[in-house]
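Asker: Sequence plus predicted model, see below.
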Amino acid sequence: MRNLGLILLIVIGGLLSSCKDGYNFEKESLQVLSTDLQEKFTDKAWYTSIIIRGQNKTHNKVTVDVTEDPNSLKQEQWTFESGFWEKKSDISLLIQAGAPTDYMFQIGQEIDFATVSQLIEKSIADLKDVENITDLLDVRMVSIKSSPEMNNKEEGILYTISIFNMTDGKSYSYVYHANGNLKNKHI
């Protein structure tokens, strides 16, 4: 009977530890997210939005607007939280000019998570070196979105990095174009 209890404990512990805790804003975790998105939605999926929210590198939630068929003008919104993906809604797109893919992006093509990591580091470095902020900083949100008013993907796909100052409660926001050039910052 003791052996059965021990075996059950090991099996249950293994099952619990195999559940994904979630993603954070660290480089390695973002690379895992990139791979997981491509496995969940295929590497041919098209996105208009990928948003990661959280605090203190925990309790993060990922929300994506994605389609496998851009010409259908339909997307699905999915959220990853507490180790599970859940479909939240169906989305209908209205495109007045151009092809649907003109307003979408693919992971590993127009966007990549290595760039996200670099932009997080760049934003934190700017706050410390240029703005002389020495307080404890925490990334709270990363957004990769297509602008509905884009003229081209270089300028129309935007990375937004939001950082929270743990000492004084201020928030800072950096917006970058797809090529990594700073569009604007709010300090």
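Answerer: Perfect, thanks for sending it. Residues are numbered from 1 along each chain as shown.

Asker: only C-alpha atoms for contact and neighbour calcs from this point on.
Answerer: Fine.

Asker: hey, which helix or strand in this protein has the poorest pLDDT?
Answerer: helix 2-18 (a mean of 40; mean pLDDT, DSSP states H and E).

Asker: Give me the contact list for stretch 129-141.
Answerer: 25, 51-57, 120, 124, 127-128, 160-167 (C-alpha atoms under 8 Å, 6 or more residues apart in numbering).

Asker: So which of those residues sit within strands?
Answerer: Ile51, Ile52, Arg53, Gly54, Gln55, Thr160, Ile161, Ser162, Ile163, Phe164, Asn165 (DSSP state E).

Asker: just the buried members of those residues?
Answerer: Buried residues within the ones in strands among the contacts of stretch 129-141, counting neighbours by 16 or more other C-alpha atoms under 10 Å: Ile51, Ile52, Arg53, Gly54, Gln55, Thr160, Ile161, Ser162, Ile163, Phe164, Asn165.

Asker: What segments of this structure are helices?
Answerer: In the chain, the helices defined using DSSP state H lie at 2-18, 27-41, 113-125, 153-156.

Asker: what comes up buried for stretch 110-129?
Answerer: Ile111, Asp112, Phe113, Val116, Ser117, Leu119, Ile120, Ser123, Ile124, Leu127.

Asker: wait, stretch 147-161
Answerer: Buried-residue list, stretch 147-161, by 16+ other C-alpha under 10 Å: Ser147, Lys153, Glu155, Gly156, Ile157, Leu158, Tyr159, Thr160, Ile161.

Asker: Understood, closing this out.
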